[in-house]
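# This is a predicted model, with the sequence first.
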Amino acid sequence: MEHIYLDHAATTPMDKRVVDAMYPIFNEVFGNPSSVHSFGRKARQLLDESRRVLANSIHANEKEIIFTSGGTEADNLAIIGTANANKDKGNHIITTIQEHHATLHTAEYLEKEGFEVTYLPVTEDGVIRVEDLKAALTDQTILVSVMYVNNETGVIQPIEEVASLLRDHQAYFHTDAVQAYGLLDIDVKEMGIDLLTVSAHKINGPKGIGFLYAGEDVKLQSLQYGGEQERKRRPGTENVVGAVGFQKAVELAMENRVSRRQEYHQFKDLFLSVLKEEGITFDLNGRQENTVPAIVNISFPGTNVETLLTNFDLAGIAASSGSACTAGSVEPSHVLSAIYGENNECTTNSIRFSFGIFNTKENVTEAASRVATIIKRLTK
């Protein structure tokens, strides 16, 4: 039985070309980028080239790219670092109720530290209302953090409208772009984004590395203490081999961005058409005209997440859900609870399928067929 991976929003398999780019670095480049001798200079050269490629991918300056261990650290640095560095201007932060836990739990930590946090609601389409943000802004607001694309529903948020609203306000604008990067065109300067988070393992790069874009004018406090790496914003010897892999993954993502979007659209349409042909009853979560093609979140009435995921796994299908399954109980997805309310059945019967570069029309069709067979068996 072929195992079919439809959980690319959780992580992606590394592209062989990324592995090939990293392999010689493991063997040949071991110098510390901070060392002045030839071994260190070689490592520094590779690190600087990677930084340039990453910066160019979002139309930023290379000095504005901070290497991190991934998206979670980048979110923490953006939110806590900005809050602590700007508390002389105010103590109010605005985010949304459907953020990734890397942002939500960071905001909750700041509340304990004395900051005031406003959590914006979302509509049944899965988007925030810019009017709600406008109403929440005060002269004490120092940071607004709104994710670019929701990791469960794939819904794209009104990032440019948010940025436009904040252009004449003191608050910095941060967006977690982990699910958007590599699929959507991002120009941080033109769009007015002050801080932006990216993770390599979501674009077929290595785990353990990401970056935070922080505009040159952003006042940011480091969360760690040590050396003067990353312009004193993130101490610690840099992950050179990870940076090289990250660079290659970015180059491939930028080169193939349009074709990948088109292919994922085909995969999503194909997957849903097979379910319809099989007579499966389902609903789609989030306004589909406003989602990235790589993610589809489907509610299957009369089922529950734990049973679905177990049966999918036994049938060789890897998918996931925002619901937490522990000790025989299912905690509702916080994202779908934000959209529909905590008691809605969609919060405990919805599955996220997410597509990637190693999917094909054949295995997507086969996966949908297996899913349909399981749904029929569980709901008969």
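Here it is on my side, so go on.

# now the helices for the stretch 101-250 of the chain?
101-112, 130-136, 159-166, 188-191, 240-255 (DSSP state H, counting those that start in this stretch).

# Deepest-packed of these, please.
helix 240-255 (a mean of 23; mean count of other CB atoms under 10 Å). All C-beta spots, glycine's among them, are computed from the backbone N, C-alpha and C.

# what sits against Glu62?
48, 51-52, 54-55 (CB atoms under 8 Å, 6 or more residues apart in numbering).

# Swap in 6 Å and give it another go.
For Glu62, the contact set (CB atoms under 6 Å, 6 or more residues apart in numbering) comprises 51-52, 55.

# And for Phe358?
Pro13.

# pLDDT at it, what is it?
Note for Phe358: predicted pLDDT of 92.

# Was I right to think Leu336 contacts Asn349?
No - the criterion here is CB atoms under 6 Å, and Leu336 misses it with Asn349 at 9.5 Å.

# more crowded one of those two?
For Leu336 versus Asn349, neighbours defined as other CB atoms under 10 Å are more numerous around Leu336 (28 against 24).

# quick one: contacts for that one?
346-347, 350.

# Can you tell me which of those has the most neighbours?
Ser350 (29 neighbours).

# Just list whatever residues bridge to that one.
Ser299 (DSSP bridges).

# hey, what's Tyr172 bridged with?
Assigned bridge partners for Tyr172, using DSSP bridges, are Leu143.

# so what's the one residue sitting closest to the centre of the chain up against?
Residue closest to the average C-alpha location in the chain (CA atoms, centre = their mean): Val178, at 2.5 Å. Going by CB under 6 Å, 6+ apart, Val178 touches 71, 199, 202.

# quick one, helices of the stretch 251-380 of the chain?
So, for the stretch 251-380 of the chain - with DSSP H, counting those that start in this stretch - the helices run 257-277, 305-314, 334-340, 346-349, 361-379.

# care to break the chain down by domain?
16-255, 257-379 (automatic domain parsing).

# any chance of those domains in a markdown table, plus distance to Ile4?
Shown next, in a markdown table, are the domains of the chain (distance: least, CB to CB, whole Å):
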| stretch | distance to Ile4 |
| --- | --- |
| domain 16-255 | 17 |
| domain 257-379 | 4 |
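
# Ok, which of those domains comes nearest His8?
domain 257-379 (3.5 Å; CB to CB).

# so where's the stretch 201-350 of the chain uncertain?
323-330 (pLDDT under 70).

# hmm, 80 instead?
Residue ranges of the stretch 201-350 of the chain with pLDDT under 80: 322-331.

# before we move on, back to that, please produce JSON lines containing the helices of the stretch 251-380 of the chain, extended by distance to Lys63.
Below are these laid out as JSON lines (distance: least, CB to CB, whole Å):
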{"stretch": "helix 257-277", "distance to Lys63": "25"}
{"stretch": "helix 305-314", "distance to Lys63": "44"}
{"stretch": "helix 334-340", "distance to Lys63": "35"}
{"stretch": "helix 346-349", "distance to Lys63": "44"}
{"stretch": "helix 361-379", "distance to Lys63": "42"}
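
# Model confidence score at the closest residue to Glu99 other than its chain neighbours, please.
Excluding the flanking residues, the one nearest Glu99 by CB to CB, 6 or more residues apart in numbering is Met147, at 5.4 Å. For Met147, the model assigns a pLDDT of 98.

# again, but for Met1
87.

# and it, what does it touch?
Gly316.

# so how far is Gly356 from it?
Distance, Met1 to Gly356, using CB to CB, to the nearest Å: 20 Å.

# how close does Arg233 sit to Gly226?
In terms of CB to CB, Arg233 sits 11 Å off from Gly226.

# neighbour count winner among these two?
Arg233 (20 against 11).

# Kindly confirm whether my reading is correct that the more buried one touches Phe67.
No - applying CB under 6 Å, one finds Arg233 not in contact with Phe67, separated by 9.8 Å.

# What is the nearest of the contacts of Leu336 to Gly90?
Nearest to Gly90 among these: Thr347, at 34.5 Å, using CB to CB.

# For the closest one, which non-adjacent residue is closest in space?
Pro332 is the one closest to Thr347 (CB to CB, 6+ apart), at 3.5 Å.

# Tell me where the stretch 51-200 of the chain has strands.
65-68, 92-96, 116-120, 141-145, 172-176, 195-199 (DSSP state E, counting those that start in this stretch).

# could you say what helices and strands the shortest one packs with?
Strand 65-68 makes packing contacts with helix 38-57, strand 210-214 when contacts are defined by 3 or more CB pairs under 6 Å, 6 or more residues apart in numbering; DSSP states H and E.

# Give me the residues contacting the last one.
I take that to be strand 210-214. Against strand 210-214 from outside (CB under 6 Å, 6+ apart): 54, 60, 64-68, 70-71, 74, 77-78, 188, 195-200, 220.

# mind listing what's buried in stretch 207-226?
By neighbour count on 16 or more other CB atoms under 10 Å, the buried set for stretch 207-226 is 207-215, 218, 220, 222.
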